[in-house]
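1. after the sequence you'll find the predicted model.
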Amino acid sequence: MPYGILFGEKALSRIPDSLPPEVLDEFEAALQSLARDPLNLGQRTTFPYPPRGKMFPFHVDHAGIRHYFVAFFVFTPGERNILIFSVTYDASPWRGD
C-alpha cells in the first residue's frame with residue numbers, strides 16, 4: 001500500500017509556475033512512484049543538502065530541456081505518510097543522447 005504524500009508549507013516554492021503541464025504530470029508521477037517505495041527510492045542526503053530525512057533525485061525530459069528535481073522527505077509519525085518538506089529544481093538543455 002503506498003504512503004500518503006503530504007507537502008510542507010513551502011515545499012513547492014522553488015518549482016516555477018511556468019513549467020509545462022507535461023513536466024508537472026511527470027513530476028507528480030515520480031512522486032507517486034516514491035510513495036509506493038520510499039525505502040528503496042529514497043537516498044541519504046549528502047552535502048550540500050541539509051542532513052535531514054531522505055532525498056529522491058529525478059529528472060523529466062521535455063522539449064529539449066532536462067528538468068532536474070530533488071524531493072526531500074521524512075516519514076510522519078505512524079509512518080503512513082511521507083512529508084515532502086522541500087523540492088529543488090534546475091533545468092538545462094538536453095539533446096537526448
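-> Good, I have the coordinates.
2. surely Ile15 and Asp90 touch.
-> No. Counting by C-beta atoms under 8 Å, Ile15 stays clear of Asp90, with 11.2 Å between them. For every residue, glycine as well, the C-beta is placed using N, CA and C.
3. more crowded one of the two?
-> Legend: neighbour count by other C-beta atoms under 10 Å for Ile15 and Asp90, higher for Ile15 (16 against 11).
4. give me the most central residue, the chain.
-> Central residue of the chain (C-alpha atoms, centre = their mean): Ala71, 3.1 Å from the mean position.
5. now the lengthiest helix in the chain, how far from the centre of its chain.
-> If you go by DSSP state H, the chain has its longest helix at helix 21-36. Chain-centre distance of helix 21-36: 8 Å, with C-alpha atoms, centre = their mean, to the nearest Å.
6. what is the rounded mean pLDDT of it?
-> Model confidence over helix 21-36, given as mean pLDDT, is 97.
7. give me the nearest residue to the residue nearest to the centre of the chain, chain neighbours excluded.
-> Leaving aside its sequence neighbours, Ala71 sits nearest to Phe56 (C-beta to C-beta, 6 or more residues apart in numbering; 4.5 Å).
8. that neighbour and Leu24, how far apart?
-> Going from Phe56 to Leu24 by C-beta to C-beta, to the nearest Å gives 17 Å.
9. again, but for Gly42
-> For Gly42, the distance to Leu24 (C-beta to C-beta) stands at 22 Å.
10. the lengthiest strand in the chain: which residues count as buried?
-> If you go by DSSP state E, the chain has its longest strand at strand 81-93. Under the neighbour-count criterion of 16 or more other C-beta atoms under 10 Å, strand 81-93 has Asn81, Ile82, Leu83, Ile84, Phe85, Ser86, Val87, Ala91 buried.
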